[in-house]
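Participant: Kindly generate the corresponding structure for this input.
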Amino acid sequence: QVHLVESGGGLVQPGGSLRLSCAASGFTVGDYAVGWFRQAPGKKREEVSCISSSDGDTDYANSVKGRFTISRDYAKNTVYLQMHNLKFEDTAVYYCAADPLPSCGPGMDYWGKGTLVTVSS
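Facilitator: Numbering: from 1, shown residues only. Predicted coordinates for the structure are as follows:
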């Protein structure tokens, strides 16, 4: 049974950093595509970043390129999202998702419950 549990969210000032974790069970992180999505109040959920299952290729939304980094740790079976230079507009609930297909998308099979990131001064 696949489970995804996000952690690491919290309150941070603009310019600050956070690292989100997505602890996976029921599959090996290298065998599934794993993505990070976010949904801000009143907005649609958007894909932030993805790490593919086939070759570990990474992809980022234009709004976070150069500031966020996705990575995976096989030993801990965890996918991380390192976020730097956080902005007010990064405030959202961040979700981790996984799918046995090699790439990410809104229709991924498995989702975590989310972790809240609030960027505020």
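Participant: and residue 21, backbone torsions?
Facilitator: Main-chain torsions, residue 21, degrees, to the nearest 10: phi -120, psi 140.
Participant: Same question for residue 90.
Facilitator: According to degrees, to the nearest 10, residue 90 has phi -80, psi -10.
Participant: Might one say that it is in contact with residue 83?
Facilitator: Yes: with contact defined as Cβ atoms under 8 Å, residue 90 and residue 83 form a contacting pair (7.0 Å). Where you see a C-beta, it was placed from the backbone N, CA and C, and this is true even at glycine.
Participant: overlap in contacts of those two?
Facilitator: Common neighbours of residue 90 and residue 83 are listed as 64, 117 (criterion: Cβ atoms under 8 Å, 6 or more residues apart in numbering).
Participant: Compare neighbour counts for the two and give me the winner.
Facilitator: Set residue 90 next to residue 83 and count neighbours by other Cβ atoms under 10 Å: residue 83 wins out with 25 against 22.
Participant: Quick check, central residue of this structure?
Facilitator: residue 36 (2.5 Å; Cα atoms, centre = their mean).
Participant: Remind me which helix or strand it belongs to.
Facilitator: Residue 36 belongs to strand 33-39 when assigned by DSSP states H and E.
Participant: Using PDB, write out every CA atom in that strand.
Facilitator: What follows is strand 33-39 as a C-alpha-only set of coordinates in PDB (Å, rounded to 0.1, in the frame of the first residue of the first chain):
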ATOM      1  CA  ALA A  33       7.900   9.600 -10.600                       C
ATOM      2  CA  VAL A  34       7.500  11.900  -7.600                       C
ATOM      3  CA  GLY A  35       6.300  15.400  -7.900                       C
ATOM      4  CA  TRP A  36       5.700  18.400  -5.600                       C
ATOM      5  CA  PHE A  37       2.600  20.400  -6.200                       C
ATOM      6  CA  ARG A  38       1.200  23.400  -4.300                       C
ATOM      7  CA  GLN A  39      -2.100  25.100  -3.900                       C
END
